[in-house]
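*Asks:* The sequence and its predicted three-dimensional model are supplied below.
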Amino acid sequence: MELSLRQLFLYATAKRQGKHMGKPGQDEKTIKRAIKLYNERVTNGMSVNDIVKAKGVPRSTLYAKIK
């Protein structure tokens with residue numbers, strides 16, 4: 001993922017102020033696939049931990065998108 005000039009500027013400004021920048025956002029397709037697996041977990045036998053590991057989506061992101 002390549003950062004735009006504006007993102008680089010904001011990142012440099014935040015670093016100068018001693019702030020930490022979060023991880024880049026997750027791909028929406030990946031999140032939708034993880035949600036689909038979550039909704040089908042009764043039939044596919046996958047646990048939330050399995051879904052998180054398989055799709056690389058943080059558990060907090062998965063739960064936040066489900067709500």
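*Replies:* Here it is on my side, so go on. Residues are numbered from 1 along each chain as shown.
*Asks:* where along the protein do the helices fall?
*Replies:* Ranges of helices in the chain, per DSSP state H, are 5-16, 28-39, 41-44, 48-55, 59-66.
*Asks:* Let me have those in TSV, extended by mean pLDDT.
*Replies:* Shown next, in TSV, are the helices of the chain (pLDDT from 0 to 100):
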stretch	mean pLDDT
helix 5-16	86
helix 28-39	93
helix 41-44	90
helix 48-55	94
helix 59-66	92
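*Asks:* Can I get the ones you listed in CSV including mean neighbour count?
*Replies:* For every residue, glycine as well, the C-beta is placed using N, CA and C. Shown next, in CSV, are these (neighbours: other CB atoms under 10 Å):
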stretch, mean neighbour count
helix 5-16, 11
helix 28-39, 15
helix 41-44, 10
helix 48-55, 15
helix 59-66, 13
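*Asks:* residue closest to the middle of the protein?
*Replies:* For the chain, the residue nearest the mean C-alpha position is Gln26 (3.6 Å; CA atoms, centre = their mean).
*Asks:* dump the residue contacts of it.
*Replies:* 56-58, 61 (CB atoms under 8 Å, 6 or more residues apart in numbering).
*Asks:* Same question for Leu3.
*Replies:* Leu3 makes contact with Tyr11 under the criterion CB under 8 Å, 6+ apart.
*Asks:* So for it, what's the pLDDT?
*Replies:* Looking at Leu3, its pLDDT stands at 75.
*Asks:* quick one, phi psi at it?
*Replies:* Per-residue torsions, Leu3: phi -90, psi 140 (degrees, to the nearest 10).
*Asks:* picking that back up, distance of the residue nearest to the centre of the chain relative to Gly56?
*Replies:* Between Gln26 and Gly56 the computed distance is 8 Å (CB to CB, to the nearest Å).
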